[in-house]
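Student: need a structure here:
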Amino acid sequence: MDTASLVSIVPCTIREQKPLLPAEFYLDKGSVEKPFILHIGKGISDIYVGEGRGQMGPNRSVVRVPVDADVIANAVVVDWMEAQYGIILPHAVPGFFWAPGHVAVKDVTEQIKEAEVKQLNWFKQLVHIADDDWNKYRQHKTISDIQRYSCNFLKLERPWLVDNEIVLAMSECPACFEKVHPRAVVCSHCQHILDAERHKKMAFATA
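Tutor: Numbers count the residues shown, from 1 in each chain. Predicted structure coming up:
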């Protein structure tokens, strides 16, 4: 096959490298409303033959073999998927697939609808994993950006739903040593007063 199309509605960039020419395949963030489509053609794979195969030197010969676009497209999708977590095949997976030929969005509307349902299930699974990790460790660093995105997308509220900038700025409670919001007045874990001056003002305002 001469051409194939990689289609993504995944809300993050996708970058895959292959031992081919071209070597890198990059897709920007996509969505159901605006899928990102990357058209690819045939590639070239170098196969080393002769007595020097597996070694460096003059005895090693190289044979360049063409690789069909559909083979490359399938490898990019499968390999990227295998590197993701929270996937339950075939019902909960990121919205990333390939189609034969040089397609436009109108040509793959049904596939996009199917991918949307599967990606929604994947988002739910990511939130479920985040809930489990939070209950075990109570550490914001165990929650990934895509899990926070999934939670927001599903319009859910979670105690771990905090932006990365805030997580990096979080301090440690001197009483219980749990992580607290940088602007917290009282520790949410042990109720230790973190900012006495602000606490007095708040107590005065509510008296």
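Student: what sits opposite residue 46 in the beta ladder?
Tutor: Counting by DSSP bridges, residue 46 forms beta bridges with residue 64.
Student: same check on residue 38?
Tutor: Counting by DSSP bridges, residue 38 is bridged to residue 6.
Student: surely it and residue 27 touch.
Tutor: Yes. Residue 38 lies in contact with residue 27 (Cβ atoms under 8 Å); the separation is 5.1 Å. All C-beta atoms are positioned from the backbone trio N, CA, C, and that covers glycine.
Student: these two: who's more crowded?
Tutor: For residue 38 and residue 27, the more surrounded residue by other Cβ atoms under 10 Å is residue 27, and the numbers stand at 21 against 17.
Student: longest helix anywhere in this protein?
Tutor: Criterion DSSP state H: the longest helix present in the chain is helix 109-137.
Student: which parts of that helix are buried?
Tutor: By neighbour count with 16 or more other Cβ atoms under 10 Å, helix 109-137 contains the buried residues 111-112, 115, 118-127, 129-131, 133-134.
Student: list residues touching both of residue 38 and residue 27?
Tutor: 6, 8 (Cβ atoms under 8 Å, 6 or more residues apart in numbering).
Student: burial count for residue 42?
Tutor: 17.
Student: so it versus residue 78, what's the distance?
Tutor: In this view, residue 42 and residue 78 are 18 Å apart by Cβ to Cβ, to the nearest Å.
Student: give me the low-pLDDT residue ranges for the chain?
Tutor: 50-59, 163-170, 203-207 (pLDDT under 70).
Student: tell me where it has helices.
Tutor: Counting by DSSP H, the helices of the chain are 69-82, 109-137, 145-153, 164-169, 196-206.
Student: would JSON lines of these with distance to residue 186 be doable?
Tutor: Formatted as JSON lines, the helices of the chain follow (distance: least, Cβ to Cβ, whole Å):
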{"stretch": "helix 69-82", "distance to residue 186": "44"}
{"stretch": "helix 109-137", "distance to residue 186": "21"}
{"stretch": "helix 145-153", "distance to residue 186": "24"}
{"stretch": "helix 164-169", "distance to residue 186": "17"}
{"stretch": "helix 196-206", "distance to residue 186": "7"}
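Student: ok, which of the ones you listed comes nearest residue 185?
Tutor: The closest of those to residue 185 is helix 196-206. By Cβ to Cβ, the value is 5.0 Å.
Student: who are the contact partners of residue 159?
Tutor: residue 134.
Student: let me fix that: residue 31
Tutor: Neighbouring residues of residue 31 by Cβ under 8 Å, 6+ apart: 9, 11.
Student: from residue 19, how far off is it?
Tutor: Counting by Cβ to Cβ, the gap from residue 31 to residue 19 is 31 Å.
Student: over to residue 79?
Tutor: 12 Å.
Student: domain ranges for the chain?
Tutor: Annotated domains of the chain cover 3-104, 170-207 [automatic domain parsing].
Student: now do the buried residues in the last one.
Tutor: It stands for domain 170-207. Buried-residue list, domain 170-207, by 16+ other Cβ under 10 Å: 170, 173, 179-180, 184-187, 194.
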